[in-house]
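**Q** Let's see this in three dimensions:
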Amino acid sequence: MALLSLNNYQSHQRLTINPPAQGVALTGRLRVPGDKSISHRALMLGAIATGETIIEGLLLGEDPRSTAHCFRAMGAQISELNSEKIIVQGRGLGQLQEPSTVLDAGNSGTTMRLMLGLLAGQRDCLFTVTGDDSLRQRPMSRVIQPLQQMGAKIWARNNGKFAPLAVQGSQLKPIHYHSPIASAQVKSCLLLAGLTTEGDTTITEPALSRDHSERMLQAFGAKLTIDSATHSVTVHGPAHLTGQRVVVPGDISSAAFWLVAASILPGSELLVENVGINPTRTGVLEVLDQMGADITPENERLVTGEPVADLRVRSSRLRGCTFGGEIIPRLIDEIPILAVAAAFAEGTTRIEDAAELRVKESDRLAAIASELGKMGAKVTEFADGLEIQGGIPLQGAEVDSLTDHRIAMALAIAALGSGGQTILNRAEAAAISYPEFFATLGEVAQG
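**A** Okay, here's the model as predicted:
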């Protein structure tokens, strides 16, 4: 019987996972898709820069496609998306054109939130922005409110909270915004808005969030001041951006699934090549190290200003741990797969200060508790986290991705280490960030 079998079922994909009785080991080497955060930003900055931007290694998931679709509608020339080489002919800062149709961000919160910072400063242009059913339920007030403090004219559903949105571009003024949450999307939105202001726009966060926007903005020519002691960044406007060559490293959020899978499946050894190890993203490596994972960085290097390494991971006996606080923004997307690691670890793992997971593509805290619970995991859900009692053998079950790509992939990894057959409904969600995930899993899995 095949390890993986993917079938269409009532307009959705149903993945059947049948691990052999003797277990599964993952061996070999692989490359994960390009970093999703960097892919979005490369397309956006290329579209508003002067001249040509060349992007290599772009993620070909649905989310970056949504970004490209939106910016093409505003006049940017973006060649057909591929992972080898994409050419973007930018329009110049403040020169996006008013689209003749509604801008559709699909399922991508990054597309919608970051784009709002640019649209708000496009004077004399009117924009309407929407997304899919999931995105229209995700909070947009966290970026709308500070943009309105800058003078933005934005209207949103449900008293300014949700898409669809209408934006009347206008001249913005600089502000110093003290964000109540550590969010790279909020920070990046306001930095992009600050590009067209006269003066200094500063964002201060309660903890350090990922800094891909700061690195790339500086590479494109923007002038920034960064104060790491206060978690503050200032953009000095107005800016002038010039097209660049961007090489996108592999996404550590995608690599995390393989790091956990190889850790929990006995006899596994994988080399995950070309992974971005930006310090604002490596919380997952720190937690896995705390749990006793055997992960070794090799061939460390810098690629277009971003630190990159190959990660060798061998199976090990994991142990439970507690994590929360300032590390959460550095691993927020990896919590679903870390919860799977916790289910296979010895002892108890507690995840704290992660309420942000409730407003992702799904309520990820509820999703993890519900779907892993169906497989026999003992998961206790709290308002801002989870407690997972590890070491309880999981059993195959019928589970659901809830249309969330990270839940889909995390459940697939859990199924590999479980007894019996697992059926994963709505498996197609994985394509949002990792279209080749299941194909790659079939290649490296050895029964």
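**Q** Send me stretch 159-176 as PDB with only the CA atoms.
**A** These are the backbone C-alpha positions of stretch 159-176, laid out as PDB (Å, rounded to 0.1, in the frame of the first residue of the first chain):
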ATOM      1  CA  ASN A 159     -16.600  49.500  11.900                       C
ATOM      2  CA  GLY A 160     -13.100  49.600  10.400                       C
ATOM      3  CA  LYS A 161     -12.100  46.000  11.200                       C
ATOM      4  CA  PHE A 162     -12.400  43.700   8.200                       C
ATOM      5  CA  ALA A 163     -12.000  43.600   4.400                       C
ATOM      6  CA  PRO A 164     -13.300  44.500   1.900                       C
ATOM      7  CA  LEU A 165     -11.600  47.900   2.200                       C
ATOM      8  CA  ALA A 166     -11.700  51.100   0.300                       C
ATOM      9  CA  VAL A 167      -8.600  53.400   0.200                       C
ATOM     10  CA  GLN A 168      -8.400  57.000  -1.000                       C
ATOM     11  CA  GLY A 169      -4.700  57.700  -1.500                       C
ATOM     12  CA  SER A 170      -3.600  61.000   0.100                       C
ATOM     13  CA  GLN A 171      -0.500  62.800   1.500                       C
ATOM     14  CA  LEU A 172       0.600  61.100   4.700                       C
ATOM     15  CA  LYS A 173       2.400  62.600   7.700                       C
ATOM     16  CA  PRO A 174       5.100  60.900   9.800                       C
ATOM     17  CA  ILE A 175       4.200  59.500  13.200                       C
ATOM     18  CA  HIS A 176       5.900  57.600  16.000                       C
END
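**Q** can you pull the buried residues of that stretch?
**A** Within stretch 159-176, the residues that qualify as buried by neighbour count (16 or more other C-beta atoms under 10 Å) are 162-165, 167-170, 172, 174-175. Any C-beta I mention is one placed from the backbone N, CA and C, and that applies to glycine too.
**Q** Quick one: distance of that stretch to the chain centre.
**A** The gap between where stretch 159-176 is centred and where its chain is centred comes out at 24 Å by C-alpha atoms, centre = their mean, to the nearest Å.
**Q** and if you look at stretch 35-53?
**A** Relative to the centre of its chain, stretch 35-53 is centred 16 Å away, using C-alpha atoms, centre = their mean.
**Q** Check stretch 136-153 too.
**A** Using C-alpha atoms, centre = their mean, we find the averaged C-alpha position of stretch 136-153 to lie 20 Å away from the chain's own average C-alpha position.
**Q** For it, what is the spacing between the initial and final residues?
**A** 19 Å (C-alpha to C-alpha, to the nearest Å).
**Q** sorry, back to before: spatially, which two of the buried residues of stretch 159-176 are the most separated?
**A** Pro164 and Pro174 (28.1 Å; C-beta to C-beta).
**Q** any idea which of the buried residues of stretch 159-176 is closest to Glu306?
**A** Checking these against Glu306 by C-beta to C-beta gives Pro174 as the nearest, at 28.0 Å.
**Q** so who does that closest one touch?
**A** Taking C-beta atoms under 8 Å, 6 or more residues apart in numbering, we find Pro174 in contact with 150, 194, 197-202, 237.
**Q** got a winner among those residues for most neighbours?
**A** Compared across the contacts of Pro174, Gly194 has the highest neighbour count, 31 neighbours, by other C-beta atoms under 10 Å.
**Q** Now do the same contact list for it.
**A** Contacts here follow C-beta under 8 Å, 6+ apart; on that basis Gly194 touches 117, 150, 172, 174, 200-201, 235, 237.
**Q** now the spatially closest residue to Leu394 that is not a sequence neighbour: how far from Arg364?
**A** Beyond its immediate neighbours in the sequence, the residue positioned closest to Leu394 (C-beta to C-beta, 6 or more residues apart in numbering) is Ser418, lying 4.0 Å away. Taken as C-beta to C-beta, to the nearest Å, the spacing of Ser418 relative to Arg364 amounts to 20 Å.
**Q** for the stretch 301-447 of the chain, which spans come out with low pLDDT?
**A** Scanning the stretch 301-447 of the chain for pLDDT under 70 picks out the ranges 447.
**Q** Strands of that one, start to end?
**A** Under the criterion DSSP state E, counting those that start in this stretch, the stretch 301-447 of the chain carries strands at the ranges 306-314, 322-323, 348-351, 378-382, 385-389, 398-400, 422-425, 445-446.
**Q** would CSV of those with mean neighbour count and distance to Glu214 be doable?
**A** Supplementary listing: the strands of the stretch 301-447 of the chain in CSV, determined by neighbours: other C-beta atoms under 10 Å; distance: least, C-beta to C-beta, whole Å:
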stretch, mean neighbour count, distance to Glu214
strand 306-314, 20, 12
strand 322-323, 17, 25
strand 348-351, 21, 27
strand 378-382, 15, 33
strand 385-389, 21, 29
strand 398-400, 20, 37
strand 422-425, 22, 37
strand 445-446, 18, 38
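**Q** Relative to Glu286, which of these is closest?
**A** Put simply, out of the strands of the stretch 301-447 of the chain the one that sits nearest Glu286 is strand 322-323, at 8.2 Å, with distance taken as C-beta to C-beta.
**Q** Which secondary structure elements does that closest one sit against?
**A** helix 283-290, strand 348-351 (3 or more C-beta pairs under 8 Å, 6 or more residues apart in numbering; DSSP states H and E).
**Q** Compare the ones you listed and give me the one nearest Val32.
**A** Val32 lies closest, by C-beta to C-beta, to one member of these: helix 283-290, at 12.9 Å.
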